[in-house]
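K.L.:
Quick one, structure for this:
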Amino acid sequence: MDIFSRLKSGLSKTRLQISSIIKGAEFDDTFFDSLEEALIAADLGLDLSVDVIDRLREDISQKGITEAADAIESLKEILVSDLHAEKVPEEFPPKPWVILIVGVNGVGKTTTIGKISNELRNNGKKVILGAADTFRAGAIEQLRIWAQRTGCDFVSQHERADAASVSFDSIEAAKSRSSDVLILDTAGRLHNKVNLMKELEKIVRVIKKNTPHAPNEILLVVDATTGQNAIKQAQVFNDIVPLTGLVITKLDGTAKGGVALALTKKLGVPIRKIGVGEGIDDLQDFDPHAYVEAMLGDIV
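P.N.:
Model (predicted):
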């Protein structure tokens, strides 16, 4: 299946549940209550689900909507507006463009780095990968393999080395080798581990001291299958470092699609990429319209 088909298949449970509510429905309190419950079940969260229903109720009233198809189109428009994301700047600033990848263990950070670096290489960029995840056994070697696979330069130190020191070395190497982009891997920082969060703050300070325009992107990778836990993690990370974007992985493995909406609305941070598989080309730019169509398309 192509990317969209896999995404649509993954979100089929949400789509079928909403379809069962909206087909042949009268737009009364029972309808809105049922739809609100379905949105909560789809991981939008209580606050956003209530907000979406309030806006839909107002839209249906103002437009005099009586048909299910029109109600679905109105719901799609509301969700797309909530998913609106700013584009990444098309022109790179003075070299190197520095991307810091953060997130807890198991969400697919290192694999995401490999996929992003592959895309950048295919677009003619010279990329260097920095192994600042010195905490997890095997993380350095895993990133080294991705560097070899994608034809990127690679910088590392030994396991348990100071992550900020690795970051500094990586920036210096990126400058000396005239790299366009530096992508830094970081340890899988559990959001309740204060010492690890302080280490992350230190990495950012070292980067800024060396290269004032960096980091240009701080991308948080979250696992769609963790639902509301992903939102809690994202809030903590955003409090520590200024996130510029989100990468949502494993969307092909979740039956719920609302986490994307909840993350964007709660944080005000755009979704940059979504992952729907393990293949090197299975990380795609996020398209709000395509995403909502995968959730709600073909209902009526």
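K.L.:
Now name the helix or strand holding the residue nearest the centre of the chain.
P.N.:
Nearest to the mean C-alpha position of the chain, by Cα atoms, centre = their mean, lies residue 247 at 2.1 Å. Using DSSP states H and E, residue 247 maps to strand 245-249.
K.L.:
pLDDT of that strand, averaged?
P.N.:
Average pLDDT, strand 245-249: 93.
K.L.:
and it, what other elements does it pack with?
P.N.:
In terms of contacts (3 or more Cβ pairs under 8 Å, 6 or more residues apart in numbering; DSSP states H and E), strand 245-249 is packed against helix 109-122, strand 217-223, helix 258-267, strand 271-275. Placement of C-beta: from N, CA and C, glycine included.
K.L.:
Give the next helix or strand downstream of the last one.
P.N.:
Sequence-wise, the next helix or strand downstream of strand 271-275 (DSSP H and E) is strand 283-285.
K.L.:
Report the buried residues of that following strand.
P.N.:
Buried residues in strand 283-285, counted by 16 or more other Cβ atoms under 10 Å: 283, 284.
K.L.:
From the chain's centroid, how far away is the helix or strand following that strand?
P.N.:
Toward the C-terminal end, the helix or strand that comes next after strand 283-285 (DSSP H and E) is helix 288-296. Put simply, helix 288-296 sits 16 Å off its chain's centre (Cα atoms, centre = their mean, to the nearest Å).
K.L.:
buried set for helix 288-296?
P.N.:
Judged by neighbour count (16+ other Cβ under 10 Å), helix 288-296 contains these buried residues: 288, 290, 291, 292, 293, 294, 295, 296.
K.L.:
Per the annotation, how does the chain divide into domains?
P.N.:
As recorded under automatic domain parsing, the domains making up the chain are 3-82, 97-287.
K.L.:
For the stretch 101-250 of the chain, just list every one of the helices.
P.N.:
Under the criterion DSSP state H, counting those that start in this stretch, the stretch 101-250 of the chain contains helices at 109-122, 139-150, 163-176, 194-210, 228-240.
K.L.:
Nearest to residue 217, out of the ones you listed?
P.N.:
helix 109-122 (9.8 Å; Cβ to Cβ).
K.L.:
Give me the helices and strands touching the closest one, please.
P.N.:
Taking 3+ Cβ pairs under 8 Å, 6+ apart as the contact cut, helix 109-122 packs with strand 97-102, strand 127-132, helix 139-150, strand 181-186, strand 217-223, strand 245-249, strand 271-275, strand 283-285.
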